[in-house]
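*Asks:* model this:
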Amino acid sequence: MEQQVRPDDVPEVPGLDAERRRRYMAGPAALLGGPANVIMQLGLPPVGRGVVESTVESGQYVLRPRKRGRTTLTYLAVAMLGTDEDRVAYREAVDTSHRHVRSGPGSPVRYNAFDPALQLWVAACIYRGVADSMALFYGRIEDNLLDGFYRESARFGTTLQVPERLWPDDRAGFARYWDSMLERVSYDDEVRRYLLEQVVGLGPYGVVERVLFGRVNRFFTIGFLPQRFRDELGLSWSPARQRVFEAVMRGIGGLLRLLPQRWRAYPFDRYLVDMRRRQAAGEPLV
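*Replies:* Below is the predicted model of the structure:
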């Protein structure tokens, strides 16, 4: 039986006012925009090669897509809602997998999953994806709330192994970092094929799931991508599709405003509670 999640099960994180933070949490954004964020992360060549060459079968999306999804959503939940103790535990669990992700003699680029610069890029993509989702769902948000959310988003990196000093000081600094990194975005043929077939095309899933959700996944995935990434993958998009995408997102955002808080936070609360249950039972966290 699935464990019932109550708001009291999830301790609040110091920083932003808890009610205001949760008011803008949008669990559906992680589900709809997740594939696009993977594409963004793999746009940095060492990250892309690290994923397609990974020998850690338990974490491979093409072999175990649902487990990979659970691991990613749990990481987001821990970073956004967890305690310091939660983040330490999850970082240690992730490290056990990352130890095996490093380039070999035949790799076209050098990489190491413990490289703070690569982890910073991954964290930056996650922050950019969440920030874009908030704007699409909710429109104008107060600057002080956005500034507070940005400061707390350093956890997307520190929950990995990014020293907090590497996180840009403010949103303006992040914008400069982001623009400088876009110049390095590119996909080789193997990474491009992996993303188009497996992530956009839902390759690891069954025929029925691809038929039912393939077009929807493609629409939201391309919609969430900044133009640079669409161009690099040769994904077509138009102003008309952009208008439809923005209208759909505003509609979802309007619905989210009406839902109880526990529904808006789904599935983050659920995965955070599950992570704690696994830890207490001595089960693997990733």
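*Asks:* looking at this, P46 is in a strand?
*Replies:* No. Counting by DSSP: H, G, I helix; E, B strand; the rest coil, P46 is not found in a strand; it is helix.
*Asks:* ok, it - contacts?
*Replies:* S103, V109, R110, Y111, D115, L118 (CB atoms under 8 Å, 6 or more residues apart in numbering). Where you see a C-beta, it was placed from the backbone N, CA and C, and this is true even at glycine.
*Asks:* S133 and P260, how far apart?
*Replies:* S133 sits 20 Å away from P260, taking CB to CB, to the nearest Å as the criterion.
*Asks:* More neighbours: the two, which one.
*Replies:* Using other CB atoms under 10 Å as the criterion, S133 and P260 rank with S133 on top: 23 against 9.
*Asks:* Just the mean pLDDT for the helix or strand hosting that one, thanks.
*Replies:* Using DSSP states H and E, S133 sits within helix 116-138. The average of the pLDDT scores along helix 116-138 is 94.
*Asks:* Stretch 71-87 now?
*Replies:* Mean pLDDT, computed over stretch 71-87, is 90.
*Asks:* Give me the distance from the helix holding S133 to the chain's centre.
*Replies:* 7 Å (CA atoms, centre = their mean, to the nearest Å).
*Asks:* so after that helix, what's the next helix or strand?
*Replies:* As assigned by DSSP H and E, the chain's next helix or strand after helix 116-138 is helix 143-152.
*Asks:* So which elements touch that next one?
*Replies:* Applying 3 or more CB pairs under 8 Å, 6 or more residues apart in numbering; DSSP states H and E, one finds that helix 143-152 contacts helix 18-23, helix 116-138, helix 171-182.
*Asks:* Pull that helix out as CSV, backbone CA atoms only.
*Replies:* Taking C-alpha atoms only, helix 143-152 is exported to CSV below (Å, rounded to 0.1, in the frame of the first residue of the first chain):
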residue,chain,number,x,y,z
ASP,A,143,11.6,39.9,-7.2
ASN,A,144,12.3,39.2,-3.5
LEU,A,145,10.7,35.8,-3.8
LEU,A,146,12.7,35.0,-7.0
ASP,A,147,15.9,36.2,-5.3
GLY,A,148,15.2,34.0,-2.3
PHE,A,149,14.4,31.0,-4.5
TYR,A,150,17.6,31.6,-6.4
ARG,A,151,19.7,31.6,-3.2
GLU,A,152,18.1,28.3,-2.1
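*Asks:* For the helix or strand just after it, name the packing helices and strands.
*Replies:* Going down the chain from helix 143-152, the next helix or strand is helix 155-158, by DSSP H and E. The contact analysis (3+ CB pairs under 8 Å, 6+ apart) places helix 155-158 against helix 65-81, helix 116-138.
*Asks:* The same query, at a cut-off of 7 Å, please.
*Replies:* Using 3 or more CB pairs under 7 Å, 6 or more residues apart in numbering; DSSP states H and E as the contact test, the elements touching helix 155-158 are helix 116-138.
*Asks:* Would you mind getting the angle between the helix it packs on and helix 143-152?
*Replies:* Interaxial angle of helix 116-138 relative to helix 143-152 (axes from the mean of the first three to the mean of the last three CA atoms, to 10 degrees): 150 degrees.
*Asks:* and helix 116-138 with helix 171-182, angle?
*Replies:* Interaxial angle, helix 116-138 versus helix 171-182 (the same axes, to 10 degrees): 120 degrees.
*Asks:* If we go by neighbour counts, what in helix 116-138 is buried?
*Replies:* 116, 118-134, 136-138 (16 or more other CB atoms under 10 Å).
*Asks:* Same check on stretch 274-286?
*Replies:* So stretch 274-286, judged by 16+ other CB under 10 Å, has buried residues D274, M275, R276, R278, Q279, L285, V286.
*Asks:* which two of those residues lie the greatest distance from each other?
*Replies:* For the buried residues of stretch 274-286, the maximum inter-member distance is 14.2 Å, found between R276 and V286 (CB to CB).
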